[in-house]
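*Asks:* Pasting the sequence and the predicted model now:
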Amino acid sequence: MMHGGEITMLNWFSKGKGREAPAATSKEHWRQVIGDLEYLQKVHARSHPWLAGMEPGATDADFTEQFLVHFHQSMTAAGITSLPLDAWRKEMEPGFRARPFSRYEDPLTHFWLQQMQGQLEQSCQRLKIGLPKQPVFGSLQTGRVNGVAADVDNPSYYLILIDDGIMGFANLLSKVAAVSFPVTQAEDGNLNFATDRDSVVRQRLQSPETGMRFFDLLTAYAVQGAPHAAQSYLMTTHHTHLVGVFRDAMEFFIFGHEYGHCAAGHLQGAPRMSLSMAAEGNGEGGEIELRMPESWEKELEADYIGLALAMDVMRARGYSPNLSYAGVELVFTGVDYMQRTLSILEHGVEQERLLDTHPPALIRREVMRQNALGLLGEEAGSVAGDLADIVNDTLEYHWRAVAPALARMHADGYRPHARWLQKAQ
């Protein structure tokens, strides 16, 4: 099955799938898709307290000012910035001048979503990937460590919902992975990362706090529902670059995977699924019908397209393909550890926690390794896979200490946050 799937996916671009011209758009179609996004976000209690006083009729300038004040307070409380408000405003305002599409999206998330979408659109042009309809991105508590691509029966737009913890999780997991690599700075200013297994083993033995940070991340996301509930910390300047490579590769793959569903036509004619919404303190609940992919084969095909897009974006930005690929695999490794964490907190022991439509993360990782050989070539793909193995082994080393601690938490009555109960069903 693996090899058959691999051949199918490696030939995907030659089939001309998804190359139809985008459908004509209209204001009515735009209002419809944004209305669907706002409804989903509203009943998920995604509205921020400072937003309530801004509706209706606030100008973009008023909106941005209120957001910057709120954001500055949060970042100051978390110890992330020591800048006074005026200096913070001057530094941050240029990125947040326009109001997000949805009233229930904060400007920072909207800014990041738009930046990533823009780079993926450029990659689609380079790879000659066309989408029948235009994706509209929004964040939501999806109950999964990924995104959800959905057809909302709109003639012009798809809706892509990215879990609102994804970017924080990718950033903090990348920190755990990156700090395991010894780094030195050459006389010419270039950074050299030691990637041989012996050096990495010595490094992790010298950094016992990394295991605690891994535990803190998993429990913050699983129990408190937010990865940034984990204690914040700063990386060394040298490791910051590697964190950025891993994080960006993870995020571009997650976004690219959802693009893959759209481009490959997985949403057309897919069964209707109900995304149920539990009321969370706002007195509202409900559901909306979406069309979403429903088979492992389609997920693996979207993985391949996502890999091609992510590697193209990272290549265009000048990043090493080996490090970039290790970042892509980190998505599956991270999903696997989150599923194992949730299982222990639910049952006290590790049990396979199957998702409705997605193959287990480690199967996806195995198929992805074969796809990398096709995209990068046998030699480069093998080197990239070896580097990814070192990252995976390092996290497994830390997991051996994390798992017993999670079992003790289960015995003490800790259970997964309610966000993990909200998923497509």
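*Replies:* Yep, it's here.
*Asks:* confidence score at the residue of the chain most remote from its centre?
*Replies:* Most distant residue from the mean C-alpha position of the chain: Glu187, 36.0 Å away (Cα atoms, centre = their mean). With respect to pLDDT, Glu187 scores 71.
*Asks:* Name the SS class of it, please.
*Replies:* With DSSP: H, G, I helix; E, B strand; the rest coil as the basis, Glu187 sits in coil.
*Asks:* Next one: it from Phe181, what distance?
*Replies:* Glu187 sits at a distance of 20 Å from Phe181 (criterion: Cβ to Cβ, to the nearest Å). (Glycine included, C-beta is placed from N, CA and C.)
*Asks:* can you check Arg364 too?
*Replies:* 24 Å.
*Asks:* can you give me the helices for the stretch 201-350 of the chain?
*Replies:* 209-223, 237-263, 296-316, 321-347 (DSSP state H, counting those that start in this stretch).
*Asks:* Rebuild these as CSV, extending it with mean neighbour count and distance to Lys42.
*Replies:* Below are these laid out as CSV (neighbours: other Cβ atoms under 10 Å; distance: least, Cβ to Cβ, whole Å):
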stretch, mean neighbour count, distance to Lys42
helix 209-223, 21, 23
helix 237-263, 23, 22
helix 296-316, 23, 28
helix 321-347, 23, 26
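*Asks:* do you know which of these lies nearest Asp106?
*Replies:* Nearest of the helices of the stretch 201-350 of the chain to Asp106, taken as Cβ to Cβ: helix 237-263 at 17.2 Å.
*Asks:* what angle sits between that closest one and helix 296-316?
*Replies:* Per axes from the mean of the first three to the mean of the last three Cα atoms, to 10 degrees, the angle that helix 237-263 makes with helix 296-316 is 130 degrees.
*Asks:* Could you tell me the angle between helix 237-263 and helix 321-347?
*Replies:* Using the same axes, to 10 degrees: helix 237-263 against helix 321-347 is 80 degrees.
*Asks:* Could you report the neighbour count for Ala77?
*Replies:* Ala77 is flanked by 9 other residues according to other Cβ atoms under 10 Å.
*Asks:* That one and Ser232: what is the separation?
*Replies:* Distance, Ala77 to Ser232, using Cβ to Cβ: 10 Å.
*Asks:* what do you get for Glu105?
*Replies:* Counting by Cβ to Cβ, the gap from Glu105 to Ser232 is 23 Å.
*Asks:* Also Thr81?
*Replies:* Going from Thr81 to Ser232 by Cβ to Cβ gives 11 Å.
*Asks:* Of these two, give the one with the bigger neighbour count.
*Replies:* Neighbour tally, Thr81 and Ser232, criterion other Cβ under 10 Å: the higher count belongs to Thr81, 16 against 11.
*Asks:* By residue count, tell me the biggest helix in the chain.
*Replies:* Using DSSP state H to define each element, the chain has its longest helix at helix 378-411.
*Asks:* just checking, what packs against it?
*Replies:* Helix 378-411 is packed against helix 166-178, helix 197-205, helix 209-223, helix 321-347, helix 361-376, with contacts defined by 3 or more Cβ pairs under 8 Å, 6 or more residues apart in numbering; DSSP states H and E.
*Asks:* can you give me phi and psi for Ile162?
*Replies:* In this entry, Ile162 is assigned phi and psi values of phi -100, psi 130 (degrees, to the nearest 10).
*Asks:* The spatially closest residue to it that is not a sequence neighbour: how many residues sit nearby?
*Replies:* Nearest non-adjacent residue to Ile162, counting by Cβ to Cβ, 6 or more residues apart in numbering: Gly147, 4.4 Å away. Around Gly147 there are 21 other residues, counting by other Cβ under 10 Å.
*Asks:* Compute the distance between Gly147 and Gln117, please.
*Replies:* With Cβ to Cβ as the criterion, Gly147 and Gln117 are 12 Å apart.
*Asks:* joint contacts of these two?
*Replies:* Any residue near both Gly147 and Gln117 by Cβ atoms under 8 Å, 6 or more residues apart in numbering counts here, and that gives Phe255.
*Asks:* excluding its backbone neighbours, what's nearest Ser26?
*Replies:* Using Cβ to Cβ, 6+ apart, the nearest residue to Ser26 is Ser156, at 6.7 Å.
*Asks:* Quick check: that neighbour touching Lys27?
*Replies:* No. With contacts counted by Cβ atoms under 8 Å, Ser156 stays clear of Lys27, the gap being 10.2 Å.
*Asks:* So which of the two has more stuff around it?
*Replies:* Legend: neighbour count by other Cβ under 10 Å for Ser156 and Lys27, higher for Ser156 (18 against 7).
*Asks:* Could you pull up phi and psi at the more buried one?
*Replies:* Dihedral pair for Ser156: phi -120, psi -20, per degrees, to the nearest 10.
*Asks:* go on, Pro208?
*Replies:* Backbone dihedrals for Pro208, given as degrees, to the nearest 10, come out at phi -60, psi -20.
*Asks:* quick one, what contacts Tyr157?
*Replies:* For Tyr157, the contact set (Cβ under 8 Å, 6+ apart) comprises Thr25, His29, Trp30, Gln32, Val33, Lys133, Gln134, Pro135, Val136.
*Asks:* Please apply the same query to Ile34.
*Replies:* Phe101, Ser102, Val136.
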